[in-house]
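>>> Predicted model follows, preceded by the sequence.
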Amino acid sequence: MSAYAHPCKRTPAVEDAARPASDAAGRQVELAADASLCLRQPLGLTLQVLEGVLWVSQDGDIRDLVLAAGDSLRVERNAPLIVSPLGKATARLVLRQAGSQAHAAQSAQAAQASAATA
C-alpha cells in the first residue's frame, strides 16, 4: 500500500484526529464516507468503532480488516495504517494510545505467559 495506491485526504480535522489522546478516554474521530485516516506510526494504538463499519489496511500486511460498531483493534506493528468508512455512512471511532505503564505491564504478562508454556 502506498500513498499513490490509496491517497488519504489531508484536512486539518483529520490530521488533528490522527494524534491520539494519551488519556484513558482517547480521542473520538468522525470520518465522513469519503474520508480516510492515515496513521503513520500506529504501534500500540487501539481503535474502537463506535458507529458504522471501517475498512482497515496496514502497509506490508496482506490482510485487510473490517471492523463494525463494538469491535476494537490493537495495532501491533508500526507500519502506516489506513482507516476508511465502508459504504456511504459516516463512521465514528475512538483512538487510544497505550500508556507506557499499561504497555509495560502487558508486555511483562505476555513474557511470563510465554515462559510458562515453554
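In hand now; what should we look at?

>>> do you know how far L95 is from K88?
23 Å (Cβ to Cβ, to the nearest Å). In this view, the C-beta of every residue, glycine as well, is placed from N, C-alpha and C.

>>> no no, T46
27 Å.

>>> So between these two, which is more surrounded?
Per other Cβ atoms under 10 Å, whichever of T46 and K88 has more neighbours is T46, with 17 against 8.

>>> does the more buried one count as helix, strand or coil?
strand (DSSP: H, G, I helix; E, B strand; the rest coil).

>>> can you pull up the bridge partners for it?
As for beta bridges, T46 partners with R74, R96 under DSSP bridges.

>>> got the contact list for it?
Neighbouring residues of T46 by Cβ atoms under 8 Å, 6 or more residues apart in numbering: G26, S72, L73, R74, V75, L95, R96, Q97, A98.

>>> closest to D34 among these?
D34 lies nearest to L95 out of the contacts of T46, by Cβ to Cβ, at 19.9 Å.

>>> Check whether the closest one really touches A25, as I assumed.
No - at 10.6 Å, L95 does not count as touching A25 under the criterion of Cβ atoms under 8 Å.

>>> Lovely, talk soon.
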